[in-house]
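J.: I need the structure of the sequence given here:
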Amino acid sequence: MVDVIYDVFVGDLAKTGGVLITDGTKITSTLWAKGHLNSRAVARDATELVDAVGLTEEVPSET
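T.: Below is the predicted model:
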């Protein structure tokens, strides 16, 4: 049941322009630099965060 709900959620997310990032390593390592929050990546526009994290190849520009 959970898998069905998850699949529907991910499908609806994609329909509305969302992207599911399954490997959070880039996000975590960018947000936390040397044990501190990175001001270059926190509280930024989504486009700026995607650029800072290095996900421009994985996240479509129209997202």
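J.: Residue for residue, what is the longest helix the protein has?
T.: Ordering each helix of the chain by length in residues (DSSP state H) puts helix 2-15 first.
J.: Give me the contact list for that one.
T.: Residues outside helix 2-15 that contact it (Cβ atoms under 8 Å, 6 or more residues apart in numbering): 19, 20. Yep, even glycine has a C-beta here, placed from its N, CA and C like the rest.
J.: outside of whichever helix or strand comes after it, which residues touch it?
T.: Proceeding N to C from helix 2-15, the next assigned helix or strand is helix 25-31, under DSSP states H and E. For helix 25-31, the surrounding residues in contact (Cβ under 8 Å, 6+ apart) are 21, 37, 38, 40, 41, 42, 52, 53, 54, 55.
J.: For helix 25-31, buried residues please.
T.: 27, 30, 31 (16 or more other Cβ atoms under 10 Å).
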